[in-house]
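# Fold the following, please.
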Amino acid sequence: MTDQSSNSTRSFGMDRFKTMREQWKQIPGFEFYEASDLGRIRSLDRTITDEIGRVRRLRGRILKTTRRQNNAGYLGAYLTARHCVAVHRVVWAAFHGPIPDKMTIDHVVPVILGGSNW
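Next up is the predicted model:
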């Protein structure tokens, strides 16, 4: 006979994030994109007109991140087909404003989150 309660999974400290609400703010210079305080980037619902005049409705979604080749492996997200932004920099810009000249953004990676510390 096995005890069901002994088979519980460990949460590794993530329980506190289940009750926390993710906050989203618009990314400056990108009207239809937002960054969250947890380091995620999303697009918003929008309507566009394509090259031949068709009106299309695009649904918003959470963007996938990728390791940037030209930026020491930092996470990036493509806001357009050719425009990849550094996630830690756009999160800072969305929540704190422009990055001051000659300043860098610290993107400490806590073990619990597996992501950046904004």
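
# Looking at this protein, which strand is longest?
With secondary structure taken from DSSP state E, the chain has its longest strand at strand 30-36.

# Any buried residues in that strand, and which?
The neighbour-count check on strand 30-36 (16 or more other Cβ atoms under 10 Å) flags 30, 33-36 as buried. C-beta coordinates here come from the backbone N, C-alpha and C atoms, glycine included.

# show me where pLDDT drops low in this protein?
For the chain, applying pLDDT under 70 flags the ranges 1-19, 69-72, 107-118.

# Just give me the longest helix of it.
Ordering each helix of the chain by length in residues (DSSP state H) puts helix 87-96 first.

# Mind listing residues that contact it?
If you take Cβ atoms under 8 Å, 6 or more residues apart in numbering as the criterion, helix 87-96 is touched by 25-28, 30, 34-37, 39, 41, 65, 74-77, 99, 105, 107, 116, 118.

# how about the helices in this structure?
Going by DSSP H, the chain shows helices at 15-18, 87-96.

# would a markdown table of those helices with mean neighbour count and distance to Ala81 be doable?
As requested, those are arranged in a markdown table below (neighbours: other Cβ atoms under 10 Å; distance: least, Cβ to Cβ, whole Å):
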| stretch | mean neighbour count | distance to Ala81 |
| --- | --- | --- |
| helix 15-18 | 9 | 32 |
| helix 87-96 | 20 | 17 |
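
# Identify whichever of these lies nearest to Val55.
helix 87-96 (28.6 Å; Cβ to Cβ).

# Report the contact partners of the nearest residue to Thr47 once chain neighbours are set aside.
Ranked by Cβ to Cβ, 6 or more residues apart in numbering and with sequence neighbours excluded, the top spatial neighbour of Thr47 is Arg57, at 5.2 Å. Neighbouring residues of Arg57 by Cβ under 8 Å, 6+ apart: 45-47.
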